[in-house]
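> here is my input, please return the structure:
(2 chains)
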Amino acid sequence: MTTLFTFYVLIWPALTLGVLTLICRAVIRDRRKAQEENRELV
Amino acid sequence: MNSESLYQFSTLTVILLLLAFYGGTYLLTLGIRKKKECADEFMVSNHRIGFGIGAASMTATWIWAASFYAAATSGYTYGVSGPIHYGLWGALMILFIYPFGRRFRKLAPNAATLGELIHARHGSSSQLILAFSNVLGSIISLMVNFTAAGALVSVLSPLSFQAGVIISGVGVLMYTLWSGFRASVLTDFAQLVALMAIAIVIIPAVFFAMGGPSELVAGLDNLTVEQTNFFSSDAILNQGAPFFVAVLAYAIGNQTISQRLFAVNENHIKPTFLTATVGYGAIVIGLGMIGLMALTLGMEPLNGNMNNLIPQMVSGYLPPIFIALFFILVIGSLSSTADSDLSALSAIMMADVYGKNIARDNVDPKRMLLVGRLTMITATVVGIVFASFSLDILVMLVFVGALWGAIVFPVIASCFWNRITNQAFTVSVLVAMVLFCVARFELVDLAGPGGLFFELLASIGGGVIIGLMAFGFFGRTVGFIAGFLAMIAMLIFATGFLRDYTVLLASLTAYGTSTLVCVVMSLNSRERFDFDTIAERVGNYSDSAQDAKPTTRPEEAPVTAGLATQR
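All right, here's what the predicted structure looks like:
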């Protein structure tokens, strides 16, 4: 029960970390691509 | 409103925190500022926003201050399943709109608002109904976010509620005014990074500071049977179901979503919306867990105000640095939504009102830009005034909810079914609004045949919601079957029962009525619409003003799409 509840509470910040990493990597890639194409990021 | 029980920052500290946040955000926008901004870019950037910025902006926009407070309140009220019943359905609002979003984008690749698409499909009356619902929604959102800023500042510092409202309003306007949507999406990314980083730290910090897993499990004894049940019917009927009903309505009725839909690179729509769904759900459900923790500890919300739950937990268990982080978390979330609302409102006034209904064939991009900026200033003032005087917006909220529910089917069907007419769209929405009001305010006796009548309409509404969701992902056949089965299930199980939940009954009635009227009127029509004409009618404003040349993508641009051809 304790393990289950620990998982239930902590899975959300773990998922948030995963999404944050994904977004940051994608933005770096977007920026590099925009520079290569000589256009603005937004 | 100031309280001795919560940690109090000094006036100087709060001003420095706000200055750092809004000053830093403003400086960030200087990097993308152009002396002469382009009207189209002011509304939707270059239609080629990448996956990263798009997903970040979508997530940050969808998370507003109320998300944390309401998720925590849900966790505190409904127990174990509470945060899920708030965060999951909110996240699904993003997910369920993307299949329709791809269709919107395909039909009108150069649109800035959904209203432009509807204008090209039907004409002014349908478009203005949609635009009006979008404007009301964004004004309410602005007001709620500024109110949250005022409440936070007054709870954690000696500064007044009004001071917090004004500082947040002016701060958001300052960095959004010049570059519009471009500033909004760029700052959304920075704000989301801060927001996520803080959430990642704060949730486990509170969890372990309150005693960790053992304390949480021991505290489950304080909960009622319903609160410990993960499949609590109380939580489903009072929290989950009304949210589920609103899933499509919120997404269709919200220009902030359409704006990003039209701005993101078309190939990245799916990953952008999927990532935003997971991101939103994770942050909001995670922070909702703090409400569950408060419940297991037997904590009472300060002054009976549920919005104090998270500040109380953070204040009670963590050092001041975490309270400062929490402060930035809330200010970041409300600012990212407020700047998106300003951008959405300006796009609606620029494209839907000025472009389509005032200037028509003679759009002046400079004047259009001026309209956008003046809209932002006016909307900020209105938001600040409404928030400062704590005006009662309940009636406004009720009507916006009804309007959003009523327009879902006509808007979606208009993009797939060539028989829907402008008259069917307009009449169906108006009839649905009237019947919504009758059910919501119980203008007829719901105990007798009146109740049965509305339950029948609501059952159709339930079928429509499930049917549309299934249709979006699996196509027409599955959509029809799922919708029909859902309607039958509703007729069996909801009859004689749904009348006790008037909010849910009225919302479903809005869906059911608008669908019924719209379908019957459309079946009687001999009109057949050619969807290819939409892309021809919705072009870019700046390009058309310069040379009236087409701006659709080369591979699918057989005819001119300049402003001169828009009507």
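
> give me the number of neighbouring residues for residue 25.
All of this is about chain A. 12 (other CB atoms under 10 Å in any protein chain shown). Yep, even glycine has a C-beta here, placed from its N, CA and C like the rest.

> let's do chain B instead
The number of residues packed near residue B:25 is 24, by other CB under 10 Å.

> check residue B:495 too.
Neighbour count of residue B:495, defined by other CB under 10 Å: 15.

> contacting residues for the closest residue to it other than its chain neighbours?
Spatial nearest neighbour of residue B:495, chain neighbours left out: residue B:455 (5.1 Å); criterion: CB to CB, 6 or more residues apart in numbering or on different chains. Listed by CB atoms under 8 Å, 6 or more residues apart in numbering or on different chains, the contact partners of residue B:455 are B:494, B:495, B:496, B:498, B:499, B:505.

> is residue B:455 in a helix, a strand, or coil?
Three-state assignment for residue B:455 (DSSP: H, G, I helix; E, B strand; the rest coil): helix.

> gap between it and chain A?
When CB to the nearest CB, to the nearest Å is applied, the distance between residue B:455 and chain A equals 36 Å.

> and for residue B:15?
For residue B:15 relative to chain A (CB to the nearest CB), the value is 29 Å.

> before we move on, what about residue B:450?
The value you get for residue B:450 to chain A, if CB to the nearest CB is used, is 44 Å.

> read off the pLDDT value for that residue.
The predicted structure scores residue B:450 at 91 on the pLDDT scale.

> burial measure for it, as a count.
The number of residues packed near residue B:450 is 16, by other CB under 10 Å.

> report the contact partners of it.
residue B:444.

> could I get the pLDDT score of residue 23?
Answering for chain A, as no chain was given. Residue A:23 is assigned a predicted lDDT (pLDDT) of 97.

> oops, wrong one, chain B.
Looking at residue B:23, the pLDDT reads 97.

> might you list the low-confidence residue ranges for chain A?
Filtered on pLDDT under 70, chain A yields no residues whatsoever.

> need the helices for chain A, in chain order.
Ranges of helices in chain A, per DSSP state H, are A:2-36.

> up against chain B, what does it have?
A:1-3, A:5-6, A:8-10, A:12-13, A:15-17, A:19-20, A:22-30, A:33-34, A:39-42 (CB under 8 Å from any CB of the partner chain).

> show the buried residues in those residues.
Buried members of the residues of chain A next to chain B, counted by 16 or more other CB atoms under 10 Å in any protein chain shown: A:5-6, A:8-10, A:12-13, A:15-16, A:19-20, A:22-24, A:26-27, A:30, A:34, A:40-42.

> is the strand or helix carrying residue B:201 in proximity to chain A?
Using DSSP states H and E, residue B:201 sits in helix B:181-209. Yes - interface with chain A: helix B:181-209 contributes B:182, B:185-186, B:189, B:192-193, B:196-197, B:199-201, B:203-204, B:207 (CB under 8 Å from any CB).

> adding pLDDT and distance to residue B:312, write the residues you listed out as a markdown table.
Listed next are those as a markdown table, based on pLDDT from 0 to 100; distance: CB to CB, whole Å:
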| residue | pLDDT | distance to residue B:312 |
| --- | --- | --- |
| B:182 | 96 | 39 |
| B:185 | 97 | 34 |
| B:186 | 96 | 34 |
| B:189 | 96 | 31 |
| B:192 | 96 | 26 |
| B:193 | 96 | 27 |
| B:196 | 96 | 23 |
| B:197 | 96 | 23 |
| B:199 | 96 | 18 |
| B:200 | 97 | 21 |
| B:201 | 96 | 18 |
| B:203 | 96 | 15 |
| B:204 | 97 | 18 |
| B:207 | 96 | 15 |
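
> before we move on, the earlier item: most neighbours, which of the contacts of residue B:455?
residue B:505 (24 neighbours).

> run through the residues that contact that residue.
Each residue near residue B:505 by CB under 8 Å, 6+ apart is listed here: B:439, B:446, B:454, B:455, B:458, B:498, B:499.

> show me the contacts for the residue nearest to the last one when sequence neighbours are not counted.
Among residues not flanking residue B:499 along the chain, residue B:451 sits closest, at 3.9 Å (CB to CB, 6+ apart). Residue B:451 makes contact with B:445, B:496, B:499 under the criterion CB under 8 Å, 6+ apart.

> farthest pair in the contacts of residue B:505?
Distances among the contacts of residue B:505 were taken as CB to CB; the most separated pair is B:446 and B:458, at 11.1 Å.

> of those two, which one has the most company?
The neighbour count for residue B:446 versus residue B:458, taken as other CB under 10 Å, is higher for residue B:458 (30 against 20).

> doesn't residue B:120 make contact with residue B:533?
Yes - Residue B:533 is in contact with residue B:120 according to CB atoms under 8 Å; the separation is 7.1 Å.

> for chain B, what helix or strand is lowest in average pLDDT?
None of the helices or strands of chain B scores lower by mean pLDDT, DSSP states H and E than helix B:541-547, at a mean of 62.

> show me what contacts the residue nearest to residue A:42 when sequence neighbours are not counted?
Spatial nearest neighbour of residue A:42, excluding adjacent residues (CB to CB, 6+ apart): residue B:182 at 4.6 Å. By CB under 8 Å, 6+ apart, residue B:182 lies in contact with A:42, B:32, B:37, B:41, B:42, B:45.

> how many other residues sit next to the fourth one?
Right, residue B:41. 22.

> residue boundaries of the helices in the stretch 251-400 of chain B?
With DSSP state H, counting those that start in this stretch, the ranges of helices along the stretch 251-400 of chain B come out as B:255-263, B:269-297, B:309-317, B:320-347, B:365-388, B:394-414.

> need those in TSV with distance to residue B:124, can you?
TSV is the format used below for these (distance: least, CB to CB, whole Å):
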stretch	distance to residue B:124
helix B:255-263	17
helix B:269-297	28
helix B:309-317	45
helix B:320-347	17
helix B:365-388	17
helix B:394-414	14
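
> helices of the stretch 1-150 of chain B, start to end?
Using DSSP H, counting those that start in this stretch, helices in the stretch 1-150 of chain B cover B:11-30, B:39-44, B:51-62, B:65-78, B:82-107, B:114-121, B:124-156.

> can you list contacts of stretch B:427-443?
B:129, B:398-399, B:402-403, B:405-407, B:409-410, B:444, B:446, B:454, B:457, B:502-503, B:505-507, B:509-511, B:513-518, B:521.

> do stretch B:130-140 as well
By CB under 8 Å, 6+ apart, stretch B:130-140 touches B:113-115, B:118, B:253-256, B:341, B:344-345, B:348, B:352-353, B:379, B:382-383, B:386, B:393, B:396-397, B:399-400, B:403-404, B:407, B:411.

> which residues of the stretch 201-350 of chain B lie near chain A?
Applying CB under 8 Å from any CB, one finds that the stretch 201-350 of chain B approaches chain A through B:201, B:203-204, B:207, B:212-214, B:216-217, B:275, B:278-279, B:281-283, B:285-286, B:289, B:292-293.
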